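In: Mind folding the following:
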Amino acid sequence: MHFLDITRETCPMTFVKVKLQLARIPTGQELEIILNEGEPLENVPRSCEEQGYQILSVEACGDGDGKHRIIVKK
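Out: Here you go, the predicted model:
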């Protein structure tokens, strides 16, 4: 599985970084993304689905700091 932490990015750069990373990985592979709640958590999964990627899971990281983990399949 591939990994990307975009917690230091703001929209619209969050999805730009995700899209660039997804372009680098082979079809069928999964990308684990760590992102912040709020706008990134709303926009990144939606944008991925609009681009034809599959969202496998969305969950809080459990640290209580507002970070979430999503798994996207290319």
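
In: Find the nearest non-adjacent residue to M13, please.
Out: Of all residues not flanking M13 in the chain, I6 sits nearest, at 7.8 Å (CB to CB, 6 or more residues apart in numbering). All C-beta atoms are positioned from the backbone trio N, CA, C, and that covers glycine.

In: Tell me which residues touch H2, please.
Out: Shown in contact with H2 (CB atoms under 8 Å, 6 or more residues apart in numbering): 21, 24-25, 29-32.

In: any idea how far the residue nearest to M13 is from V44?
Out: According to CB to CB, to the nearest Å, I6 and V44 sit 8 Å apart.

In: More neighbours: which of these two?
Out: Higher neighbour count among I6 and V44: V44, with 26 against 20, using other CB atoms under 10 Å.

In: secondary structure class for that one?
Out: Three-state assignment for V44 (DSSP: H, G, I helix; E, B strand; the rest coil): helix.

In: OK, contacts around the residue nearest to M13?
Out: So, once contact is read as CB under 8 Å, 6+ apart, I6 ends up touching 13-14, 17-18, 33-35, 40, 44.

In: ChimeraX command for the buried members of these?
Out: Entered in ChimeraX, the line below selects the buried ones among those, by 16 or more other CB atoms under 10 Å:
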select :14,17,18,33,35,40,44
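
In: possible to save the contacts of I6 as a markdown table with distance to G66, pLDDT and secondary structure?
Out: Output for these, formatted as a markdown table (distance: CB to CB, whole Å; pLDDT from 0 to 100; DSSP: H, G, I helix; E, B strand; the rest coil):
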| residue | distance to G66 | pLDDT | secondary structure |
| --- | --- | --- | --- |
| M13 | 18 | 93 | helix |
| T14 | 14 | 95 | helix |
| K17 | 18 | 97 | helix |
| V18 | 18 | 97 | helix |
| I33 | 15 | 98 | strand |
| I34 | 11 | 97 | strand |
| L35 | 10 | 97 | strand |
| P40 | 10 | 95 | helix |
| V44 | 14 | 97 | helix |
